[in-house]
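Undergrad: fold the following and give me the result.
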Amino acid sequence: MKEKVGFGIIGAGMIAAHHGKAMADLKNVRLIGFYDTNYESAKKRAEEFHCKAYASFEEFLADPEIEAVTIATPSGMHGSVAIPAAKAGKHILCEKPLEITLEKVDEIIRVCEENRVLLSPVFQTRFTKPVQLVREAMRSGRFGRMVLASAQMRWFRDASYYSGSNWRGTWKMDGGGALMNQAIHTLDLALWMLGNPVAVTGTVTNNHLVGTIDEEDTAELYIEFESGAKANFYATTAAVSDTPVIISLTTKSDRYTAFGNKGFDRAGDTVVVNEKTDIIAKDYWGNGHLHLVRDFYDCLKSGRKFPIGVSEAYRAVSVILALYRSCGKRVELDLSKL
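TA: As a prediction, the model looks like this:
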């Protein structure tokens, strides 16, 4: 592998631009070009980042300069591009969710394993400082046994957000609403910190976009874990405005709360604040994309295992699909494949 890893980005929308900005800030990564089903969109992004635009997917995959790809297409298209990319020998960094059905998630994982390419889901919030701090505290044994967690995502998305594309808000291409599209990042953090879930109970509703989207704009979950820990999880895109995500963890010996870009101990003292960044539009998100792409590069060069496993991508989608089946009933999870 070359000193500078050549990346290609599949998709040319808003998320693709975030990845492009992260790559531009890294010394050992070179952005080769963009492919999008809309060539004009790919061309526009290519001009923005001073790289190539590809007229066909076949041309994109055939470029030997591209060693790894970032998939930033609509969620329901991830499998259709990830599978041929893996067969072409490209390492894959795939936006969340890995796919919108467990069958497709399984297929992507299998094909990547068969072709010996690195596959990782994009859960960039794991790389922000408050999250890293609490993770290290858990590893060191400071927290002891986890008892209870709560998480809240309160954002705002109006009709204009969905009308800007023909896939957002549809079951066919989005696979779900506030949970599958936005809150999956916060859910991933809760699962990462508490371990494997065994059952989910919850409800989903559409509070303010009836007739605009097919899916939920508000969801609540109660999750039971193998360890005996419990978690309450709330997510909405019907809030009055975007507010920082809140995650609170309680153990027998301590308590920790991450509120946006800040982390607080049980005494209420601020213990960490994220660095401000131009990589992501909102300061409280931190610059997780930058750290994630850098770590992905390091894994490609060193051969070490990427810290976000594909089983964790499977787990997050499993929980969300179980909630969609729940409708207030307790649904047990089958994670025997993990």
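
Undergrad: mind listing what's buried in stretch 20-28?
TA: For stretch 20-28, the neighbour count (16 or more other CB atoms under 10 Å) marks 20, 21, 22, 23, 24, 25, 26 as buried. Just so you know, the C-beta spots here come from the backbone N, C-alpha and C atoms, and that holds for glycine as well.

Undergrad: so the third one is in which element?
TA: So that's residue 22. Assigned by DSSP states H and E, residue 22 belongs to helix 14-24.

Undergrad: helix or strand next in line after that helix, which one?
TA: Following helix 14-24 in sequence, per DSSP H and E, is strand 29-35.

Undergrad: list the contacts of that following strand.
TA: Outside strand 29-35, the residues that touch it by CB atoms under 8 Å, 6 or more residues apart in numbering are 4-12, 16, 20, 23-24, 42, 45-46, 49, 51-54, 56-57, 59-60, 63, 65-66, 293-294, 297.

Undergrad: cutoff 7 Å now
TA: The contact list for strand 29-35 (CB atoms under 7 Å, 6 or more residues apart in numbering) reads 4-10, 12, 16, 20, 23-24, 42, 45-46, 49, 51-54, 57, 60, 63, 65-66, 293, 297.

Undergrad: what strands flank that strand, and is each parallel or antiparallel?
TA: strand 5-10 (parallel), strand 52-54 (parallel) (DSSP bridges).

Undergrad: the stretch 151-300 of the chain: helices as residue ranges?
TA: Secondary structure of the stretch 151-300 of the chain (DSSP state H, counting those that start in this stretch): helices located at 159-163, 171-174, 184-194, 288-302.

Undergrad: which strands and helices sit next to the third one?
TA: Which is helix 184-194. When contacts are defined as 3 or more CB pairs under 7 Å, 6 or more residues apart in numbering; DSSP states H and E, helix 184-194 packs onto helix 129-139, strand 146-154, strand 230-236, strand 246-251, helix 310-326.

Undergrad: what angle sits between it and helix 288-302?
TA: 60 degrees (axes from the mean of the first three to the mean of the last three CA atoms, to 10 degrees).

Undergrad: list the buried residues for helix 184-194?
TA: So, applying 16+ other CB under 10 Å, buried residues of helix 184-194: 184, 185, 186, 187, 188, 189, 190, 191, 192, 193, 194.

Undergrad: do the same with the shortest one
TA: Judged by neighbour count (16+ other CB under 10 Å), helix 171-174 contains these buried residues: 173, 174.

Undergrad: other residues contacting it?
TA: 74, 75, 76, 167, 168, 180, 181, 214, 215.

Undergrad: what is the nearest of these to residue 201?
TA: Nearest to residue 201, judged by CB to CB, of the contacts of helix 171-174 is residue 180 at 18.0 Å.

Undergrad: from the chain's centroid, how far away is stretch 133-145?
TA: 23 Å (CA atoms, centre = their mean, to the nearest Å).

Undergrad: likewise for stretch 101-111?
TA: 16 Å.

Undergrad: so for it, mean pLDDT?
TA: Averaging pLDDT along stretch 101-111 yields 97.
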